[in-house]
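Engineer: Sequence and predicted model, in that order:
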Amino acid sequence: MTQDVHPNRLNERYGLPGHLGFEPGPGGLPVATIENADAAASVCLAGGHVLSFRPHGAEPVLWLSRHSRFESGRPIRGGIPVCWPWFAAHPEDPAKPFHGFARLAHWSVLGTEALDGGNTRLRLGLTDDEATRRLWPHAFELEMAVTVGRDLHVALTARNPGPEPFTCTGALHTYFRVGEVARIAVHGLNGCRYREAGTDGGVQQGPVTFDREVDRLYLDTDAACTIEDPVLARRIRVAKAGSRSTVVWNPWIDKARRMPDFGDDEYTGMVCVETANAGTDAVTIPPGGAHCLEARIAVEPAPHGPS
Ligand code: BG6
């Protein structure tokens, strides 16, 4: 049965006074707003999509486009889109939604919790229905657990309740806010093999820096990445579990212009570092099995202050 996602109903059942409430967000989509002693965050039920995260006293950590659409069934540009059960184009049928259907679907609230220590947790769920089975013929249970504290922890668990194994790819496609992309460096991928469309791919030498479009799928890496941002004088650390791929993306000038929901000049203020399983790192889940893809995002001031 579909859940009644009217904010009043959700608040009656799942609201946590002083921690978490539901309200109509942009475009009228239902949004959970979380605020506790350490941080503020918001999560949209459309797409199971984290929209924002900001530890108190810090700048926003996630980037959200000024031009994003907020329409049911359309992807949101920014925050943390959930790409699942396939990453990028569907391998056999490019007419199917790019990055899968999870980011386009309406998720239900499974539970909310004020945890010991002051963190707040929201759990959202998505299961197969006729529409998902037309796109992907498997029974599944997805759970997105978002835990907000000084760090942001996101865990996407996929369970297979069906009689056959299934194989999936996916990503927590995280958009980070940066001061000036041409001045940042993404550490943690030195020596990793990557694929990049339109090139032969390669092996990363040193940190990733940006002076053109970068759209790289790094394979076979479980390393944490750090975004070094001298303009905002901070480091963002993205640690992960259950993930063998990392995608690093900035569209740069031409691709930014081609995307209707992305401002022409907005590429300077963002970078995606995506916690993924893609390409040869696809995951097969046996009947009754589960797989959890996790990212932990932490912000620390740069040792030398702004430059
Ligand atoms: C990245 C891909 O993960 O997502 C890029 O590597 C793609 O190729 C980007 O452009 C954004 O995809 P979308 O469907 O949200 O515009």
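Structural biologist: That came in fine, so what should we check first?

Engineer: so is Ala182 in a helix, a strand, or just coil?
Structural biologist: Classification of Ala182 using DSSP: H, G, I helix; E, B strand; the rest coil returns helix.

Engineer: For it, give me the pLDDT.
Structural biologist: Note on Ala182: pLDDT of 98.

Engineer: ok, now Thr2?
Structural biologist: 83.

Engineer: What count of nearby residues applies to it?
Structural biologist: Thr2: 7 surrounding residues under other Cβ atoms under 10 Å. Yep, even glycine has a C-beta here, placed from its N, CA and C like the rest.

Engineer: give the contact list for it.
Structural biologist: Taking Cβ atoms under 8 Å, 6 or more residues apart in numbering, we find Thr2 in contact with 106, 108.

Engineer: can you rerun that using 10 Å?
Structural biologist: 106, 108, 129 (Cβ atoms under 10 Å, 6 or more residues apart in numbering).

Engineer: any low-confidence regions in the stretch 1-150 of the chain?
Structural biologist: 1 (pLDDT under 70).

Engineer: what about the helices in it?
Structural biologist: Along the stretch 1-150 of the chain, the segments classed as helices by DSSP state H, counting those that start in this stretch run 7-14, 130-135.

Engineer: And the stretch 201-307 of the chain, by the same measure?
Structural biologist: So, for the stretch 201-307 of the chain - with DSSP H, counting those that start in this stretch - the helices run 252-258.

Engineer: what's around Val5, how many residues?
Structural biologist: Val5 has 16 neighbours, counted by other Cβ under 10 Å.

Engineer: was I right about it contacting Leu45?
Structural biologist: Yes - Val5 is within contact range of Leu45, at 5.7 Å (criterion: Cβ atoms under 10 Å).

Engineer: Mutual contacts of those two, please.
Structural biologist: 22, 29-30, 106-109.

Engineer: Using TSV, please lay out those residues together with distance to the ligand and neighbour count.
Structural biologist: Putting the shared contacts of Val5 and Leu45 into TSV (distance: Cβ to the nearest ligand atom, whole Å; neighbours: other Cβ atoms under 10 Å) gives the following:
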residue	distance to the ligand	neighbour count
Phe22	26	25
Leu29	17	19
Pro30	21	21
His106	18	18
Trp107	18	25
Ser108	23	17
Val109	25	20
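
Engineer: Now, these that are in strands?
Structural biologist: Residues from these lying in strands, with DSSP state E as the criterion: 22, 30, 108-109.

Engineer: The residue positioned nearest the centre of the chain and Leu45: what is the separation?
Structural biologist: Centroid check for the chain by Cα atoms, centre = their mean gives Ile80 as the closest residue, at 2.8 Å. As for Ile80, its distance to Leu45 is 14 Å (criterion: Cβ to Cβ, to the nearest Å).

Engineer: what's the answer for Leu126, then?
Structural biologist: Leu126 is 10 Å from Leu45, by Cβ to Cβ.

Engineer: Find the residues that touch each one of these two.
Structural biologist: In contact with both Leu126 and Leu45: 105-108, using Cβ under 10 Å, 6+ apart.

Engineer: Tell me how far the residue of the stretch 51-200 of the chain found nearest the ligand lies from His173.
Structural biologist: Using Cβ to the nearest ligand atom, Phe98 is the residue of the stretch 51-200 of the chain that sits closest to the ligand, at 4.3 Å. Counting by Cβ to Cβ, the separation of Phe98 from His173 is 11 Å.

Engineer: Then Trp84?
Structural biologist: Taking Cβ to Cβ, one finds Trp84 at 10 Å from His173.

Engineer: what about these two, which has more around it?
Structural biologist: The neighbour comparison of Trp84 against His173 (other Cβ under 10 Å) goes to Trp84, with 28 against 24.

Engineer: Touching, that one and Leu126? I think so.
Structural biologist: Yes - counting by Cβ under 10 Å, Trp84 touches Leu126, with 8.8 Å between them.

Engineer: Give me the common contacts of those two.
Structural biologist: Common neighbours of Trp84 and Leu126 (Cβ under 10 Å, 6+ apart) are 48, 101-102, 105, 140, 142, 144, 158.

Engineer: got the phi/psi numbers for the residue of the stretch 51-200 of the chain closest to the ligand?
Structural biologist: Phi and psi for Phe98, reported as degrees, to the nearest 10, are phi -60, psi 140.

Engineer: show me what contacts it?
Structural biologist: Contacts of Phe98 (Cβ under 10 Å, 6+ apart): 75, 83, 86-90.
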